[in-house]
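[1] Next come a sequence and a model predicted from it.
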Amino acid sequence: MPYEKYYQMEYTQLMREAKAIINVKSLKEQVYDYLRRQFQQHRLQPGTAIKMEATAKKLGVSKTPLRDALIQLEMEGFVTIHPRRGIFVNPLPLSEIRDFYQVIGALESSALQASFPKLGSAGINKMNVLNRQMQKAVDHDDFDQFYEKNLAFHDCFVVPCDNQTLVRIVDNLKKRLYDFPRQRQWIKEWEQASIGEHQQIVDFLADGDPAAAAIFLRDVHWSFAVQEKFIGKYYAPLIDRKD
């Protein structure tokens, strides 16, 4: 066989394999996003069993991308895979929420101080604008807008901290905290308190005091003890109180 033809066949085979890998990855991501939406929409409740065969058939995919998506969700704490027993959606224990608040508070506090030199007046102003947009969302009973602007406010200082491990951990913990609730109900006292806390953080930064902003972020905004009265109301239908 001529070398040119041989190498062309090898190249064609490699391209087919690469395309297959890309397609599988794409399917896995689509399945993962689908399952996340099921959590957000309360269609997969804590304790629910996820049936592999029925789910794969419903989505029109093989079990491979579904299994890969479930493995990722297990790593993120959403499900537990029991060999030969099944796959079950994890509850959200109050003790776990408490731990998440402590970890997120510590990490975001560190990120805020690391990012402060990069924020400048433009970054601080962006945070201020986002906080005003959160208030506008509350005034118009727009839950989705409030949720989006709240995440964007924190991303202003978390993303540019130059620590991708920190960013990944915070993102994963927030998924766990926020995906199950996503209730279309307001605890407006909590939302207003959160907006006020954001404003205090912005004011500290505008005054050139990132240390005070970081301490306030950790010890008030992400303090489980400070927020517990609201947490109990918001998560009540979903949390497992067995500590």
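    Cool, the structure landed.
[2] and residue 43, that's in a strand?
    No - looking at residue 43 with DSSP: H, G, I helix; E, B strand; the rest coil, it is coil, so not inside a strand.
[3] quick one: pLDDT of residue 23?
    pLDDT recorded at residue 23 is 50.
[4] scratch that, residue 46 is what I was asking about
    Here, the pLDDT recorded for residue 46 equals 87.
[5] Quick check, it in contact with residue 90.
    Yes - using CB atoms under 8 Å, residue 46 is in contact with residue 90, at 6.4 Å. Placement of C-beta: from N, CA and C, glycine included.
[6] what sits in contact with each of the two?
    Between them, residue 46 and residue 90 share no contacting residue under CB atoms under 8 Å, 6 or more residues apart in numbering.
[7] Which strands or helices does the helix or strand hosting residue 104 pack on?
    Element membership of residue 104 [criterion: DSSP states H and E] is helix 94-139. Counting contacts by 3 or more CB pairs under 8 Å, 6 or more residues apart in numbering; DSSP states H and E, helix 94-139 is packed against helix 143-158, helix 164-179, helix 188-206, helix 210-216, helix 224-235, strand 239-240.
[8] so for that helix, what's the average pLDDT?
    97.
[9] quick one, that helix and helix 143-158 angle?
    Here the directions of helix 94-139 and helix 143-158 differ by 110 degrees (axes from the mean of the first three to the mean of the last three CA atoms, to 10 degrees).
[10] Report the angle between helix 94-139 and helix 224-235.
    Going by the same axes, to 10 degrees, helix 94-139 makes 70 degrees with helix 224-235.
[11] Check the offset of helix 94-139 from the chain's centre.
    14 Å (CA atoms, centre = their mean, to the nearest Å).
[12] Ok, stretch 209-219 next?
    The chain centroid and the centroid of stretch 209-219 are separated by 22 Å, computed with CA atoms, centre = their mean.
[13] Over to stretch 62-76?
    That offset, for stretch 62-76, works out to 17 Å (CA atoms, centre = their mean).
[14] got it, and stretch 179-196?
    On CA atoms, centre = their mean, the centre of stretch 179-196 falls 16 Å from the chain's centre.
[15] Could you report the distance from the residue nearest to the spatial centre of the chain to residue 35?
    The centroid of the chain falls nearest to residue 175 when counting by CA atoms, centre = their mean (2.6 Å). Distance of residue 175 to residue 35, given as CB to CB, to the nearest Å: 12 Å.
[16] if I look at these two, which residues touch both of them?
    The contact sets of residue 175 and residue 35 overlap at residue 78 (CB under 8 Å, 6+ apart).
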